[in-house]
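Trainee: sequence and predicted structure are below.
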Amino acid sequence: MKIKNKKELLQTPKGMRDILPHDLLYWKAVETKAEDIARSYGFKPIRTPHVEKAELFGLTLGETSDIVEKQMYAFKTRGGDALVLRPEGTVPMMRAYFEHGMHTWPQPVMLYYSGSFFRHENPQRGRWREFGQFGVEIMGEESGLSDAYIIHVFALILQELGFKKFTVHVNTLGDKECRGEFRKELVAYYRRKVNSICRDCKRRLKENPLRLLDCKNPMCVEVRADAPQMMSYACLSCRAHFKLVLEFLDDFEIPYKIAPHLVRGLDYYSRTVFEIFADADADTKKEKADDASTETGGEKTEPQKEKEKEKENAAPIALAAGGRYDYLAEVMGDRKVPGVGGALGLDRIVDELKERKIVPFKEKAPAVFLVQIGAQAKRKSLVLFEQLRKSRFGVAQSFSRDNLRTQLDLANKLGAAYALIIGQKEALDGTVIVRDMGSGTQESVYQKKVLDHLKKKMKNS
Ligand code: HAM
């Protein structure tokens, strides 16, 4: 194959990126915190493949949802199977529930997962084509307590990571019964406004009217302001369910606001839906969450594009989202399994932490730095390095360097308490120089005795 542009070849595909070592410390810290809290709240880990059967998502997310219509990485295998890179995690969880007969496990089944998901979206701030999610799901439980439990777990994760303020936007989508009436009213309302909505929404009006409320086009956002709200049509049991969720949020002292037009982009939701936004810094991000729009529709002029870019950079983005999916199992298999869950957007959380200068990890300084000068010393110090590592000393080295000053500077920079120096002489006579990095004092110790010597020193310090 002839390579057209070598420079381009050496770049990641559009909307995807390498996570470099320093950034990975943030990722690991966020995942570790999320895992610790999820585990202590009774969730068990699960891993599912990155690839699933394509039909699975058409069936469950909705044929007219953006994900299924435009955003799936779909491909045919050599054997002719139609597969996709997973665009989200809830459907695979429910697939796994059926595949492994989890209905025979003690209910509810509570799972967490973490990994990459793929959507062919327009890359922009906080929106990647490969992105990380940490998800939790409670399957086999109908009560509103579990909806609040999920939100509570996410709130704890965000708080303990260092987010001081965030708001949960929450709404109810009702159930199959009461949503019908709402949909009728919604269609009637939007028919009256048909000349004031975007082209996509004209299509949504016919195919999937609930999605009208999710449109980010400024024209449609304006029309939405007076659109009917699901809450006014919710039946008694949906109202009671929602009330319970809100009461639990009050009990957990979670800051929330009812977002009467929140519908979410996936068709499997019923009853509770939610999104969590980190509160904007008073002076940087003042946009209303309802206008969190970045999606575009129709042709734009350059100044319009500029303005949108500015707005995009200022608008808050959801750090997490989720909701209840009581009908998902029925669509997929032969039993009813009520469920609720949510996912944290890892890319967005890491970006927000960095923007807020919150460092969710501590880089531990090594206790000992091994300095070696010359080939023979290098060999000796490799053996010593392994002995120190096995004895659980925090130990660092830079075997590729040979200069004393450079190595001591590095030991200093890393904050090592002691440097162990092996030069030509020490390599020959079996000793090592122990340098206290704080005071600069040095002493010569036999290599055989250096572990005990260090242990004593550290005990006394
Ligand atoms: P979602 O709203 O599509 O829901 O994604 C959840 C979170 O993942 C978002 O709030 C956002 O933080 C992050 N996210 C989504 N798309 C991107 C992207 N392109 N780039 C970066 N971050 C992104 C779901 O996926 C549902 N499965 C959540 C759920 C679990 N509902 C019930 N259980």
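Mentor: Looks like it arrived, so ask away.
Trainee: low-scoring stretches of the stretch 151-300 of the chain, by residue?
Mentor: 281-300 (pLDDT under 70).
Trainee: residues from it in reach of the ligand?
Mentor: Contacts of the stretch 151-300 of the chain with the ligand, taken as Cβ under 6 Å from any ligand atom, are absent. Backbone N, C-alpha and C define where each C-beta goes, glycine included.
Trainee: now the helices for the stretch 151-300 of the chain?
Mentor: 176-192, 199-207, 218-224, 236-251 (DSSP state H, counting those that start in this stretch).
Trainee: pull out the buried positions in the third one.
Mentor: Which is helix 218-224. Neighbour-count burial for helix 218-224 flags P218, C220, V221, V223, R224 (criterion: 16 or more other Cβ atoms under 10 Å).
Trainee: redo those residues as TSV? Include distance to M230.
Mentor: Formatted as TSV, these follow (distance: Cβ to Cβ, whole Å):
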residue	distance to M230
P218	23
C220	17
V221	18
V223	17
R224	13
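Trainee: who's in contact with G144?
Mentor: H241, F242, K243, L244, V245, F248, T272 (Cβ atoms under 8 Å, 6 or more residues apart in numbering).
Trainee: change it to 10 Å
Mentor: Neighbouring residues of G144 by Cβ atoms under 10 Å, 6 or more residues apart in numbering: 172, 240-249, 271-272, 324, 340.
Trainee: top of these by number of neighbours, please.
Mentor: V340 (33 neighbours; other Cβ atoms under 10 Å).
Trainee: if I look at it, how far off is G322?
Mentor: 7 Å (Cβ to Cβ, to the nearest Å).
Trainee: what do those two both touch?
Mentor: With Cβ under 10 Å, 6+ apart, V340 and G322 have common neighbours T90, V136, E137, D147, I150, I151, Y269, T272, V273, F274.
Trainee: filter these down to the buried ones.
Mentor: Using 16+ other Cβ under 10 Å, the buried ones in these are T90, V136, E137, D147, I150, I151, Y269, T272, V273, F274.
Trainee: which ones among the residues you listed map onto strands?
Mentor: Mapping the buried ones among the shared contacts of V340 and G322 onto strands (DSSP state E) picks out V136, E137, T272, V273, F274.
Trainee: okay, those residues in TSV with distance to E8 next?
Mentor: Formatted as TSV, these follow (distance: Cβ to Cβ, whole Å):
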residue	distance to E8
V136	39
E137	39
T272	45
V273	40
F274	40
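Trainee: from the residues you listed, which is closest to R86?
Mentor: E137 (14.2 Å; Cβ to Cβ).
Trainee: give me the distance between the residue found closest to the closest one once you drop the neighbours it is linked to in the chain and the ligand.
Mentor: Leaving aside its sequence neighbours, E137 sits nearest to G341 (Cβ to Cβ, 6 or more residues apart in numbering; 3.5 Å). Computed as Cβ to the nearest ligand atom, to the nearest Å, the G341 to the ligand distance reads 3 Å.
Trainee: what about G341, neighbour count?
Mentor: 25.
Trainee: got the contact list for it?
Mentor: 43, 89-90, 93-94, 110-113, 135-139, 146-147, 150, 322-325.
Trainee: now the shared contacts of V340 and G322 in TSV, with distance to R348?
Mentor: Formatted as TSV, the shared contacts of V340 and G322 follow (distance: Cβ to Cβ, whole Å):
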residue	distance to R348
T90	18
V136	17
E137	20
D147	22
I150	18
I151	17
Y269	20
T272	21
V273	18
F274	16
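Trainee: out of those residues, which is nearest to the ligand?
Mentor: T90 (4.1 Å; Cβ to the nearest ligand atom).
Trainee: need the nearest residue in space to that closest one, chain neighbours excluded.
Mentor: Counting by Cβ to Cβ, 6+ apart, the residue nearest T90 is G341, at 5.8 Å.
Trainee: surely that neighbour is within a strand?
Mentor: Yes. Under DSSP: H, G, I helix; E, B strand; the rest coil, G341 sits within a strand.
Trainee: in the sheet, which residues pair with it? Tell me.
Mentor: Beta-bridge partners for G341, by DSSP bridges, are E137, G323.
Trainee: what sits against V170?
Mentor: 147-148, 151, 242, 245-246, 249, 254, 256-259, 262, 272-276, 323.
Trainee: I meant D81, not that one.
Mentor: V51, K53, A54, F75.
Trainee: dump these into a markdown table; add distance to V84, neighbour count and pLDDT as well.
Mentor: Shown next, in a markdown table, are the contacts of D81 (distance: Cβ to Cβ, whole Å; neighbours: other Cβ atoms under 10 Å; pLDDT from 0 to 100):
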| residue | distance to V84 | neighbour count | pLDDT |
| --- | --- | --- | --- |
| V51 | 7 | 16 | 98 |
| K53 | 8 | 13 | 96 |
| A54 | 5 | 18 | 93 |
| F75 | 8 | 12 | 95 |
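Trainee: tell me which of the residues you listed is nearest to L83?
Mentor: The nearest one, if we look at the contacts of D81 relative to L83 and count by Cβ to Cβ, is V51, at 5.0 Å.
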